[in-house]
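Student: missing the sequence, but the structure's below:
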Ligand code: HEM
C-alpha cells in the first residue's frame, strides 16, 4: 500500500512533505503563543488565593518572557508553509483570500497589535496596574491570537469548498457551517495546550536547574512551587488532549459521509502515529500528576508523543484537502514550480534562519536568567 503522500506524483509528494514539516514547525511556536496567551488571560482574571498568585507564578513568568520571541518565531516559521501552500493550492488559497477580502487583511493589523501588547504584558509597568486593566490587556492579547487562528481556519474551510465560491461572492456569507468552523477551531485551540505545556515543562525544569546554580535567579523556580506548577501543566496537557480529541471527532462528523469514509480507510496508516502520540503524552502527564517531580525520560516521552501527533495531524489534514482538489491542475502547477529551481537557496536560508533563531533564544535566555 502507498501511504499518503507517497502515492502522489514525485514533485507533488516532495512539496506536500516539506509543506507539512514546515507547518509543524509553525504549529509548535504558534500553539505556544495561542495557549500561552489564553493561560495568561485566565491567570490575570482569576489570580487565585495561594501565597504566589497565578499571574506571578513561574509558569506565567516564563510565558510572559518568552511569548514575544515565540510569536516572532511563529511568524517566521509561518512563511515557509505560506509559500508552499500557494504552490500546491494556488487556486483554492487565493480564491478564499479574495473572498474573505478585508476580513483576511485584518490578520496583519491584529497581529501587530497582539505583538506590541505582548511587550506591555512583559513590562514591569503592568504589575502596578489595577486587576481590571491587567485583565483587559491580557484578554485583548488572547483575543488577537484567537482571531488570527479563526481567520486561518475560516480561510482553510472556504478554500476547500469550491462549490460555494459563487454564492459567497454574491452574498458575502463566508461561513457555511458554524458547527464545522467552531469544532475545527476549538480542535486547534484545545490542541495548542498540550504542546505549550510540553515546551513550558522543559523551560521550567531548565530554570529550576539554574535556580540551584545561579544565586540571582528567582527561587520560585525550585521547591514545592515547582511541583505544583508541573501539576498545573499536567492537568492542562491532559485536558487539552481530551478536548482536542472530542472536537476533532465533532469536526469529522461535519464532513460529507463519503469523504469521511474514504478519510478513515485511507488515513488509517497515520492512525498509529496519532494513537502512540496520544498514549505517550497521556502516560507522561499522568505520571507527572502522581509523582513529586519530573524525569528526563517523562519529558522525552511527552515530547515524542506531541511531535508524533502533530506530524500525523499535518498529513491527515492534507489528505483531506487533496481529496477535494483537481489533481491535474495541482500537478501541473507543482511541476512548473519544481522546474524553476532554487532548492539549494531554500536549504541555505533555512539553515541561516535556524542559526538566527538559536541566537535569539540565547539572547532571551540571557535576559531571563540575568546573565
Ligand atoms: C499567533 C499567530 C497565529 C496563529 C494563532 C495561527 C494559527 C493557525 C492555525 C490555527 C492554523 C490551522 C488552520 C486550520 O487548519 O484550520 C494555521 C495555519 C497556517 N498558518 Fe498560522 N497562525 C498564526 C500566524 C501565522 C503567520 C503570521 C503566518 C504566515 C507568515 C502563518 C502561516 C500559516 C499557514 C501557511 C498555515 C496553513 C494554511 C493552510 O494550509 O491553509 N500563521 N495557523
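Tutor: Now that the structure is in, tell me what you want to look at. Values in this document were obtained by computation on a predicted structure and should not be read as measured data.
Student: Alongside the ligand, which residues does the stretch 201-350 of the chain contribute?
Tutor: residue 317 (C-beta under 6 Å from any ligand atom). C-beta coordinates here come from the backbone N, C-alpha and C atoms, glycine included.
Student: so which residue of the stretch 201-350 of the chain comes closest to the ligand?
Tutor: residue 317 (5.9 Å; C-beta to the nearest ligand atom).
Student: Now the helix or strand hosting that residue: average pLDDT?
Tutor: Assigned by DSSP states H and E, residue 317 belongs to helix 296-322. Computed over helix 296-322, the mean pLDDT rounds to 97.
Student: Which residue ranges of this protein form helices?
Tutor: 10-45, 58-88, 90-100, 102-105, 107-122, 131-159, 165-171, 178-213, 224-253, 257-267, 271-290, 296-322, 327-340, 343-369 (DSSP state H).
Student: Verify the stated contact: residue 293 with residue 227.
Tutor: Yes. Assessed by C-beta atoms under 8 Å, residue 293 is found in contact with residue 227 at 6.3 Å.
Student: So for those two, which sits in the more crowded spot?
Tutor: Using other C-beta atoms under 10 Å as the criterion, residue 293 and residue 227 rank with residue 227 on top: 14 against 11.
Student: what ranges of the stretch 151-300 of the chain fall below the confidence cut-off?
Tutor: Low-confidence segments of the stretch 151-300 of the chain, defined by pLDDT under 70: 212-222.
Student: Give me the buried positions along stretch 274-293.
Tutor: For stretch 274-293, burial by neighbour count (16 or more other C-beta atoms under 10 Å) applies to 274, 277-278, 280-282, 284-285, 287-288.
Student: typo on my end, it should be stretch 263-273
Tutor: Across stretch 263-273, burial judged by 16+ other C-beta under 10 Å covers 263, 266-267, 269-270, 273.
Student: Equivalent analysis for stretch 132-146, please.
Tutor: By 16+ other C-beta under 10 Å, the buried positions in stretch 132-146 come out as 134-135, 137-146.
Student: Could you do stretch 81-96 as well?
Tutor: Buried, per 16+ other C-beta under 10 Å, within stretch 81-96: 81, 84-85, 87-89, 92-93, 95-96.
Student: right, and the pair among those residues with maximum separation?
Tutor: Largest separation among the buried residues of stretch 81-96 by C-beta to C-beta: 81 and 95, giving 18.2 Å.
Student: circling back to that earlier point, of the buried residues of stretch 274-293, closest to residue 238?
Tutor: Relative to residue 238, and with distances defined as C-beta to C-beta, the nearest of the buried residues of stretch 274-293 is residue 285, at 4.8 Å.
Student: residues contacting that closest one?
Tutor: 194, 197, 233-234, 237-238, 241, 302 (C-beta atoms under 8 Å, 6 or more residues apart in numbering).
Student: what do you get if the cut-off is 10 Å, keeping everything else the same?
Tutor: Residue 285 makes contacts with 194, 197-198, 201, 230-231, 233-241, 298, 301-302, 305, as judged by C-beta atoms under 10 Å, 6 or more residues apart in numbering.
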